[in-house]
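Student: take a look and give me a structure for this.
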Amino acid sequence: MNDAVRRQSGPFRAGDRVQLTGPKERLNTVTLEAGGAFHTHRGVLSHDLIIGRPDGSVITSSNGIEYLALRPLLTDFVMSMPRGAAIVYPKDAAQIVGQADIFPGATVVEAGVGSGALSLWLLRAIGPSGSLHSFERRQEFADVATGNVASFLGGTPANWTVTVGDLAEALPISGAAGSVDRVVLDMLAPWECLEACAAALTPGGVIVCYIATVTQLSRVAEAIRGTGLFTEPDSTETLIRTWHVEGLAVRPDHRMIGHTGFLLTARRLAPGAELPALKRRASKSDYTDDDVEAWTPGALGERTSSDKRLRKTAREAQATAAKASATDR
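Tutor: The predicted model follows:
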């Protein structure tokens, strides 16, 4: 499948992923195969009992245990897929799609691709008429991402390209200047790529930076202001707190999804345009070489995965994609 529109509704078919919820709300995700079976210590659930049934059916196993069968949502998939790097959480992906105003038919540039979680959200938002150009410095991460995307969509979409290389060097030679609608940066030092992104963006285009720490947030905000090519950057953080609601027992849950990252958003000015001067309160906005040193990858505590682990994760993602593609034919 190359249209990134793998069917997400209707009766289950062989090749579909199905999420089975047991009596204790334990989740198991399997890929349906004709003649296949889901084995547990409580019995066997034949895949043939699920194939042909509508989404949301309750299936009974060989020993009478009932399972709720649902297609995994994209949120479910990205939270359980093989990871070569930390993923962009669904709450942040939703904000990126909203704040960047990702629309059907848009031309979007993404860097880095990580494990492919954000790529899936972007591909869904731009639709078959849009195009997504993803850049990743490490081949291992690119392999994990392509495997995960193909696994969920049933194949690699034709409107998605993955380039292994440095965005600042690869972007200028990959497309015409002013041809990109949106740029999403998920990297350690996005300030290194601002000039290339500004050249690629159409006037009014949006750049969104996904940033982990406050020191990175400060550095990239000042770098965006320093270019003189963008509007004043806006920064946000998204927190989610779920609630327990059962009868009159209504209270916040004890755990919540707290800080995962900051989003910094700005828009491209027209060539030659100068942003009107803003009145600001006096602040210590200047910084020294020592301050810049605190923003380096080493000081920020960059986490890296071993090559061995990345190769293993890439094999898992590619194997799942191959299995899904084979059963989908």
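Student: please count neighbours and contacts with C-alpha atoms only from this point.
Tutor: Noted.
Student: and the pLDDT at Arg78?
Tutor: Check again: residue 78 is Val, not Arg. Val78 is assigned a predicted lDDT (pLDDT) of 90.
Student: verify the stated contact: it with Gly114.
Tutor: No: using C-alpha atoms under 8 Å as the test, Val78 is too far from Gly114 to be in contact (11.9 Å).
Student: how near is the residue nearest to the spatial centre of the chain to Ala100?
Tutor: What sits nearest the mean C-alpha location of the chain, by C-alpha atoms, centre = their mean, is Leu118, with 1.5 Å. Distance of Leu118 to Ala100, computed by C-alpha to C-alpha, to the nearest Å: 13 Å.
Student: what comes up buried for the longest strand along the chain?
Tutor: Determined from DSSP state E, the single longest strand within the chain is strand 201-211. Under the neighbour-count criterion of 16 or more other C-alpha atoms under 10 Å, strand 201-211 has Leu201, Thr202, Pro203, Gly205, Val206, Ile207, Val208, Cys209, Tyr210, Ile211 buried.
Student: dump those to JSON lines, plus pLDDT and distance to Thr60.
Tutor: JSON lines is the format used below for those (pLDDT from 0 to 100; distance: C-alpha to C-alpha, whole Å):
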{"residue": "Leu201", "pLDDT": "97", "distance to Thr60": "54"}
{"residue": "Thr202", "pLDDT": "97", "distance to Thr60": "55"}
{"residue": "Pro203", "pLDDT": "97", "distance to Thr60": "57"}
{"residue": "Gly205", "pLDDT": "98", "distance to Thr60": "52"}
{"residue": "Val206", "pLDDT": "98", "distance to Thr60": "50"}
{"residue": "Ile207", "pLDDT": "98", "distance to Thr60": "50"}
{"residue": "Val208", "pLDDT": "98", "distance to Thr60": "47"}
{"residue": "Cys209", "pLDDT": "97", "distance to Thr60": "47"}
{"residue": "Tyr210", "pLDDT": "96", "distance to Thr60": "44"}
{"residue": "Ile211", "pLDDT": "94", "distance to Thr60": "46"}
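Student: picking that back up, packing partners for the longest strand of the chain?
Tutor: Counting by 3 or more C-alpha pairs under 8 Å, 6 or more residues apart in numbering; DSSP states H and E, the packing neighbours recorded for strand 201-211 are strand 180-185, strand 262-267.
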